[in-house]
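Colleague: Got a sequence here, can you build the structure:
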Amino acid sequence: MRVLFLLFALLPILEIALLINVGSVIGGWNTVGLVILSAFIGAYFVKREGVSTLQTAQEKMQRNEVPGKELVEGLMLVVAGILLVTPGFITDIFGFLLAMPGSRHFFAAQVSKHMKMRVVTPGMGPGFGQGQSPFGQSPFGERPGQGQSGDDIIEGEYTDHTTNDPDKRLK
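Modeller: Numbers count the residues shown, from 1 in each chain. As a prediction, this is how the structure comes out:
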């Protein structure tokens, strides 16, 4: 909560102060031009890196691999794009750090260490048997571990109508 307060309250104040200081050194219109130029250059880098990351993710999915790293990097590119189009030099610095491949790979590795990503498939892992969901109940209403004998038995009734009418039998 305090981090969000600092982010939304102090960052704009710091950005404005820095813009005023830079404007007093190089001029107001030059500062505006620099901010616009950084937005265009940043948009170019985000687009280029985004296409590359998307292609890598698609290649992994075609090989039936989970593109976890690419998803994290894609999220970082979205954040980078937002930071780069936000006027200001501080946000541009952080945006360029997330847009450049070397630093983005480093940050993605750090974020991936703290994220726990799990793919749940039937029969995988403790507590998730066949037909069970990761939310604790099977789709058939049983509790986990109950009614799971491991057999593929489906109870039901049927009526054989083919014996009464010989014309409707399979040939």
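Colleague: Enumerate every residue touching the spatially most central residue of the chain.
Modeller: With the centre of the chain defined as its mean C-alpha position, the nearest residue by Cα atoms, centre = their mean is residue 71, 4.5 Å away. Contact analysis of residue 71 by Cβ atoms under 8 Å, 6 or more residues apart in numbering lists residue 57. From N, CA and C alone the C-beta is placed, and that goes for glycine too.
Colleague: Is it within a helix or a strand, and which one?
Modeller: Using DSSP states H and E, residue 71 falls within helix 68-85.
Colleague: for the helix or strand that that helix is followed by, packing partners?
Modeller: Next helix or strand after helix 68-85 toward the C-terminus (DSSP H and E): helix 89-99. Contacting helix 89-99 under the criterion 3 or more Cβ pairs under 8 Å, 6 or more residues apart in numbering; DSSP states H and E are the following elements: helix 11-26, helix 28-62, helix 68-85, helix 101-114.
Colleague: okay, those, which one's buried deepest?
Modeller: helix 68-85 (a mean of 19; mean count of other Cβ atoms under 10 Å).
Colleague: For residue 30, which non-adjacent residue is closest in space?
Modeller: Spatially, and ignoring its direct neighbours in sequence, residue 30 is nearest to residue 23 (7.8 Å; Cβ to Cβ, 6 or more residues apart in numbering).
Colleague: Please tell me how far residue 115 sits from residue 7.
Modeller: Per Cβ to Cβ, to the nearest Å, residue 115 is found 20 Å from residue 7.
Colleague: swap in residue 77?
Modeller: 20 Å.
Colleague: Then residue 78?
Modeller: 17 Å.
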